[in-house]
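Enquirer: Let me see the structure of the following:
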Amino acid sequence: MTEAVTIWHNPACGTSRNTLAMIRAAGIEPTVVEYLKAPPTRDDLANAITDAGLGPRDAAREKGTPFAELGLGDPSVTDDAILDAMLAHPILINRPFVFTSRGVRLCRPSEVVLEILPTPLPGDFTKEDGEVVKAGPAS
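Expert: Alright, predicted model coming up:
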């Protein structure tokens, strides 16, 4: 039986594609949730952020999003307001989030996924940009 792994994925994002490819290279076929098409619930989003050891501001994506236009960089903006914005504009959710029995991580950079994969990569992995990620033993 293969352990369940889920990724909140954006196929337009290179980091997300590399993370998904690393999961598959480890012999795991994850549940792929294209969160821009099927956004998480408020509870699922809040739990993912918390379980990854982050706050909403840490999990918000600025580049290529309405982050600045919405004034989310203002330090007075509350975590709840940032969560509301992320739910209204899922592109604000940084990606990819990966969920396994070993934890939840925002996999930026993509090799962060190796911390929580239930099986190690069988060998080195080459990202789309040619960067090589050395395979290491699962801890």
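Enquirer: just checking, what packs against the longest helix along the chain?
Expert: For the chain, the longest helix by residue count, based on DSSP state H, is helix 14-25. Applying 3 or more C-beta pairs under 8 Å, 6 or more residues apart in numbering; DSSP states H and E, one finds that helix 14-25 contacts strand 6-9, strand 125-126. C-beta coordinates here come from the backbone N, C-alpha and C atoms, glycine included.
Enquirer: what about the strands in the protein?
Expert: 6-9, 31-34, 97-100, 103-106, 125-126, 132-133 (DSSP state E).
Enquirer: now the ones you listed in TSV, with mean neighbour count, mean pLDDT and distance to Arg24?
Expert: As requested, the strands of the chain are exported to TSV (neighbours: other C-beta atoms under 10 Å; pLDDT from 0 to 100; distance: least, C-beta to C-beta, whole Å):
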stretch	mean neighbour count	mean pLDDT	distance to Arg24
strand 6-9	23	98	10
strand 31-34	15	97	10
strand 97-100	25	98	12
strand 103-106	18	97	17
strand 125-126	16	92	10
strand 132-133	14	93	14
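Enquirer: That's all I had, so thanks and see you.
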